[in-house]
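J.: Need a 3D model of the following:
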Amino acid sequence: MSDSEHFKLTNAVIIAPLIGVVSIWSVYWLELLNKTNFNEYGVYPRSLMGFRGIIFSPFIHGSLEHLYNNTIPLAILLAALFYFYRGIATKVVFLGIVLSGLITWGIGRPSFHIGASGLIYVLASFIFFKGIFTKHFRLVALSLIVVFIYGSLLWYIFPVKEGISWEGHLAGFVTGLTFALLFEAKVPKPKKYDWEREDYNEEDDPFLKHFDADGNFIESVEKNETEETIRIKYHYKENDTDDSSVND
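T.: Predicted structure coming up:
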């Protein structure tokens, strides 16, 4: 499978980010409409009631700023995931929500942990490490782009700021790395040229025959031409009008 066949724009590349963004904004709009707060549906560590937050917490945000900060990274990373890893993208998203939520539930402080940032860390971590592991030039380039844009996210897997669930970030980071190690992704095999093959023989290469052992260009070209002798016979007839014919 060539690069053009593997990396192509599909409906999922547009639909998946759209669903993600609409989902988190719809939940926030419902909170405003009903003048209520869904924070209690977040992950509350080591609590049976807080266990439900494993599924609900990615859709709940505490403020408009919190929601906005998660919207753009979620949309970009979901689009990248479904474009470059469409075969396993759905599995990464849903299992990423569950596993990162479970880890947060197990290691988190006794507080409600909410927001899509855990999933964002899953996506960023998976895309970065998977690209490095596959060694495909396009996926490695994608990994470098993720580092360039979202490299600062790494600091927030540590308790560097109050009010931020660093446990959820750490859970997402570890989950993405784990998936990058365990999940197999189909990537196109790079095209191999003749000189890259194991049975390649330089002496048979028609291009290299024009160079000597020191790399100097050889101008002389062997010519194997067969000279043909063409004989032409003329026949004359004595008539009132002289006709001549030529036969090869």
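
J.: Only C-alpha atoms from now on, for both contacts and neighbour counts.
T.: Noted.

J.: Quick one: the strands in the chain, in order.
T.: Applying DSSP state E to the chain gives strands spanning 233-236, 244-247.

J.: and those strands, which one's lowest on average pLDDT?
T.: Comparing mean pLDDT across the strands of the chain, the weakest is strand 244-247, with a mean of 47.

J.: okay, and for the chain, where does confidence drop off?
T.: 1-7, 188-217, 219-248 (pLDDT under 70).

J.: In it, which residue is most central in space?
T.: Nearest to the mean C-alpha position of the chain, by CA atoms, centre = their mean, lies residue 84 at 3.3 Å.

J.: Check the spacing between that one and residue 62 real quick.
T.: Separation of residue 84 from residue 62 (CA to CA, to the nearest Å) stands at 32 Å.

J.: again with residue 110
T.: 17 Å.

J.: doesn't residue 59 make contact with residue 67?
T.: No - counting by CA atoms under 8 Å, residue 67 sits too far from residue 59 to count as a contact (9.3 Å).

J.: Need the overlap of contacts for the two.
T.: 24, 115 (CA atoms under 8 Å, 6 or more residues apart in numbering).

J.: Neighbour count: those two, which is higher?
T.: residue 59 (24 against 20; other CA atoms under 10 Å).

J.: Identify the residues contacting the closest residue to that one other than its chain neighbours.
T.: Distances taken as CA to CA, 6 or more residues apart in numbering place residue 24 nearest to residue 59, at 4.7 Å, with adjacent residues excluded. For residue 24, the contact set (CA under 8 Å, 6+ apart) comprises 58-61, 67.

J.: Much appreciated, bye for now.
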